[in-house]
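> Mind looking at a prediction? Sequence and model below.
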Amino acid sequence: MSNEERDDLRDMLIRIDERVKSIQEDIAEINGARRCHTHAEKFRTLERAVWRTATVVAGLAVRIIYDTFK
């Protein structure tokens, strides 16, 4: 391998490394946006709604079972 080929290869590897770093930064930015406060609040609200619904369904099931054996 000649010196010119090595230099070309080194330059190509440097460009690839820079592209990989920029992609990693973009991914980190996207992941940071996913963790924003408003999304977390929406997930908490949704989770609370699911738990409330599960509690109501369980309460109705217990009442139906109680009325059946009454």
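The structure has been received and is ready for your questions.
> List the buried residues in the helix or strand harbouring Met12.
Here Met12 sits within helix 3-34, counting by DSSP states H and E. By neighbour count on 16 or more other C-beta atoms under 10 Å, the buried set for helix 3-34 is empty. Where you see a C-beta, it was placed from the backbone N, CA and C, and this is true even at glycine.
> go on, stretch 53-62?
For stretch 53-62, a neighbour-count test (16+ other C-beta under 10 Å) marks nothing as buried.
> CA atoms only: put it into CSV for me.
Extracted in CSV, the C-alpha atoms of stretch 53-62 (Å, rounded to 0.1, in the frame of the first residue of the first chain):
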residue,chain,number,x,y,z
THR,A,53,-60.0,1.9,35.4
ALA,A,54,-58.5,-1.3,36.7
THR,A,55,-59.7,-0.4,40.2
VAL,A,56,-63.2,0.2,39.0
VAL,A,57,-63.3,-3.1,37.1
ALA,A,58,-62.0,-5.0,40.1
GLY,A,59,-64.6,-3.3,42.3
LEU,A,60,-67.4,-4.2,39.9
ALA,A,61,-66.1,-7.8,39.7
VAL,A,62,-66.1,-8.1,43.5
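> can you list the weak-confidence ranges in this structure?
1 (pLDDT under 70).
> Neighbours of Thr45, how many?
Number of residues near Thr45 (other C-beta atoms under 10 Å) recorded here: 10.
> Tell me how far it lies from His39.
11 Å (C-beta to C-beta, to the nearest Å).
> quick one on the thing from earlier: for the helix holding Met12, name the packing helices and strands.
On a contact count with 3 or more C-beta pairs under 8 Å, 6 or more residues apart in numbering; DSSP states H and E, helix 3-34 meets no helix or strand.
> How far off centre is whichever helix or strand comes after it?
With elements assigned by DSSP H and E, the helix or strand that comes after helix 3-34 is helix 37-69. Relative to its chain's centre, helix 37-69 lies at 24 Å (C-alpha atoms, centre = their mean, to the nearest Å).
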